[in-house]
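*Asks:* The following block contains a protein sequence and its predicted model.
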Amino acid sequence: MNSGFKRLNEKIQHLSPEQVAEVENFVEFLRFRSEERESTRLAGAASTPAFEAVWNNTEDDVYDAL
């Protein structure tokens, strides 16, 4: 266990059961948010080739200069 986990574990041991539950909920929130951001990034990367045909066209070249 690295020192960060060790310090966190020591701090959690001094919390009430209700506070431990809050910490657990917060950790789950952080994990969910991270997974959600990664999913959004992957979806954007996957859709880029499909949109390139729409984005890269001669009619819209005038907007590229703006």
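*Replies:* That came through, no problem.
*Asks:* longest helix anywhere in the chain?
*Replies:* Once the chain is assigned using DSSP state H, the helix that runs over the most residues is helix 17-55.
*Asks:* Following element in sequence after that one, please.
*Replies:* helix 61-64 (DSSP states H and E).
*Asks:* Residues touching that following helix, excluding its own?
*Replies:* Contacting residues not belonging to helix 61-64 are not present [CB atoms under 8 Å, 6 or more residues apart in numbering]. For glycine as for every other residue, the C-beta is placed from the backbone atoms N, C-alpha and C.
*Asks:* Alpha carbons of that helix, in CSV - could you do that?
*Replies:* Taking C-alpha atoms only, helix 61-64 is exported to CSV below (Å, rounded to 0.1, in the frame of the first residue of the first chain):
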residue,chain,number,x,y,z
ASP,A,61,-14.1,26.7,-46.9
VAL,A,62,-15.0,30.4,-46.6
TYR,A,63,-15.8,29.8,-42.8
ASP,A,64,-12.4,28.3,-42.2
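*Asks:* Lowest-scoring secondary structure element of the chain by mean pLDDT?
*Replies:* Here the helix or strand of the chain ranked lowest by mean pLDDT, DSSP states H and E is helix 61-64, holding a mean of 79.
*Asks:* Check which residues of that one are buried.
*Replies:* Residues of helix 61-64 classed as buried: none (neighbour count, 16 or more other CB atoms under 10 Å).
*Asks:* what bits of this protein have low per-residue confidence?
*Replies:* Along the chain, segments meeting pLDDT under 70 span 1.
*Asks:* Now with 90, please.
*Replies:* 1-2, 44, 48-66 (pLDDT under 90).
*Asks:* quick revisit: same for the longest helix of the chain, what does it pack against?
*Replies:* Using 3 or more CB pairs under 8 Å, 6 or more residues apart in numbering; DSSP states H and E as the contact test, no helix or strand touches helix 17-55.
*Asks:* With just CA atoms, put stretch 21-33 into PDB.
*Replies:* Extracted C-alpha coordinates of stretch 21-33, given in PDB (Å, rounded to 0.1, in the frame of the first residue of the first chain):
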ATOM      1  CA  ALA A  21     -20.500   5.900   4.000                       C
ATOM      2  CA  GLU A  22     -20.200   9.500   2.800                       C
ATOM      3  CA  VAL A  23     -16.600   8.900   1.800                       C
ATOM      4  CA  GLU A  24     -17.600   5.700   0.000                       C
ATOM      5  CA  ASN A  25     -20.300   7.600  -1.900                       C
ATOM      6  CA  PHE A  26     -17.900  10.300  -2.900                       C
ATOM      7  CA  VAL A  27     -15.400   7.800  -4.100                       C
ATOM      8  CA  GLU A  28     -18.100   6.200  -6.200                       C
ATOM      9  CA  PHE A  29     -19.100   9.600  -7.600                       C
ATOM     10  CA  LEU A  30     -15.400  10.300  -8.600                       C
ATOM     11  CA  ARG A  31     -15.200   6.900 -10.300                       C
ATOM     12  CA  PHE A  32     -18.500   7.400 -12.200                       C
ATOM     13  CA  ARG A  33     -17.500  10.900 -13.300                       C
END
